[in-house]
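Engineer: Here's my sequence, what's the structure:
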Amino acid sequence: MLSPVVKPGHLTELDKFIFESWGYLIIPDVLPPNEVEACLAASRRVHATAGTSGWGQVGRSYETEPALEALIDHPAVLPKIRGLYGDRFILQSAWNTMQSAHGKMGGWHQDGSGAYDFKLLGYPIPLLQLRASYLLTDQSRPRMGNMELIPGSHRSLVTLPEVTPVSQAAALQEDLRRASIEPYAWVLNKSVLAAGTRDRLLAARLAGERKQMVRMANGLAKRIFSVPWRTVPPIGFGELSKLASKGSTTAAFHA
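Structural biologist: Numbers count the residues shown, from 1 in each chain. Presented below is the predicted three-dimensional model:
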């Protein structure tokens with residue numbers, strides 16, 4: 001049976017067909033053991049310096065770690081990228097991600113810049129961004145920090161049932177920072193927690209919102225302002241003034 005597993009190096013015609021069908025390629029043992037050890041040691045140093053624990057992402061780690069820099073133009077992967085793009089591409093961003101086994105961070109989302117919804121540009125959806133990921137730890141068993149992919153979803157015009165606005169906002173924030181624009185704060189809209197409800201039917205929603213707030217406070221946002229869920233949308237001067245009035249339940253959290 002045809003599968004997304006391919007060999008390193010040159011992008012073959014069969015590789016192209018697989019990529020167009022699945023939306024991704026898998027190269028087992030893409031790095032030799034010595035490179036895996038060097039990159040894993042570098043990743044641990046990066047996260048130790050950043051002070052992350054549990055789930056965390058550190059950007060531009062290749063600037064301080066030569067082992068990670070070598071991954072950018074690795075001979076096992078770069079020919080695949082050139083086969084898809086030619087030489088007209090740039091490195092937009094690079095993240096070193098740490099995900100604990102059985103962790104609860106992450107969720108289904110379409111990779112790419114948070115500033116754009118690529119499926120609105122045309123069909124087939126143009127290949128404007130491509131992600132190359134090196135998995136440095138054993139992920140042969142479920143729930144070990146695995147990256148999960150939905151085959152064929154790169155061509156789907158249907159919105160995912162579970163959105164991850166925090167991931168999208170994080171990507172948009174990185175885009176802004178590349179333009180030397182530092183966001184002042186994040187705003188959590190329609191917060192059920194801030195509304196003060198204790199309805200047991202909303203327990204799952206409340207628990208999920210708490211996890212996302214921890215994620216935002218753990219390095220993503222310098223400040224967080226939450227706007228409670230309101231029966232009347234805060235549209236217009238009158239409703240917006242109520243949010244800023246004395247006694248408002250809008251809260252700020254400083255990380």
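Engineer: Off-centre distance for stretch 145-162?
Structural biologist: Stretch 145-162 sits 13 Å away from the centroid of its parent chain (CA atoms, centre = their mean, to the nearest Å).
Engineer: can you check stretch 128-142 too?
Structural biologist: So, by CA atoms, centre = their mean, the centroid of stretch 128-142 is 12 Å from its chain's centroid.
Engineer: Run through who's touching it.
Structural biologist: Contact with stretch 128-142 is made by 30-31, 36, 39-40, 43, 71, 77, 81, 84-85, 89, 92, 111-113, 116, 118, 121, 144-147, as judged by CB atoms under 8 Å, 6 or more residues apart in numbering. (Each C-beta comes from the backbone N, C-alpha and C, glycine too.)
Engineer: Drop anything exposed from those residues.
Structural biologist: Buried by 16 or more other CB atoms under 10 Å: 30-31, 36, 39, 43, 71, 77, 81, 84, 112-113, 118, 145-146, out of the contacts of stretch 128-142.
Engineer: Now, the residues you listed that are in helices?
Structural biologist: 36, 39, 43, 81, 84 (DSSP state H).
Engineer: from these, which single one is nearest Lys242?
Structural biologist: Ser43 (47.0 Å; CB to CB).
Engineer: Pretty sure that closest one sits against Met98.
Structural biologist: Yes - counting by CB atoms under 8 Å, Ser43 touches Met98, with 7.1 Å between them.
Engineer: Would you map out the domains in the chain?
Structural biologist: 13-155, 184-254 (automatic domain parsing).
Engineer: Pick out the shakiest of those, pLDDT-wise.
Structural biologist: Of all the domains of the chain, domain 184-254 carries the lowest average pLDDT, namely a mean of 76.
Engineer: Neighbours of Thr12, how many?
Structural biologist: Residues lying near Thr12 (other CB atoms under 10 Å) number 13.
Engineer: on that earlier part again, which one, of the domains of the chain, ends up nearest to Glu174?
Structural biologist: Between the domains of the chain, domain 13-155 lies closest to Glu174; by CB to CB that is 5.6 Å.
Engineer: before we move on, the earlier item: which two among the ones in helices among the buried ones among the contacts of stretch 128-142 are spaced furthest apart?
Structural biologist: Greatest spatial distance in those: Ser43 and Leu84, 26.4 Å, computed using CB to CB.
Engineer: Identify the residues contacting stretch 70-82?
Structural biologist: 8-11, 15, 25, 27, 30-31, 35, 39, 62, 89, 91, 94, 130, 132, 134.
Engineer: what are the phi and psi angles of Ser226?
Structural biologist: Main-chain dihedrals, Ser226, degrees, to the nearest 10: phi -110, psi 140.
Engineer: I'd like to know how far it sits from Asn189.
Structural biologist: Ser226 sits 8 Å away from Asn189, going by CB to CB, to the nearest Å.
Engineer: okay, these two: which has more neighbours?
Structural biologist: Neighbour count, other CB under 10 Å: between Ser226 and Asn189, Ser226 has more, with 21 against 13.
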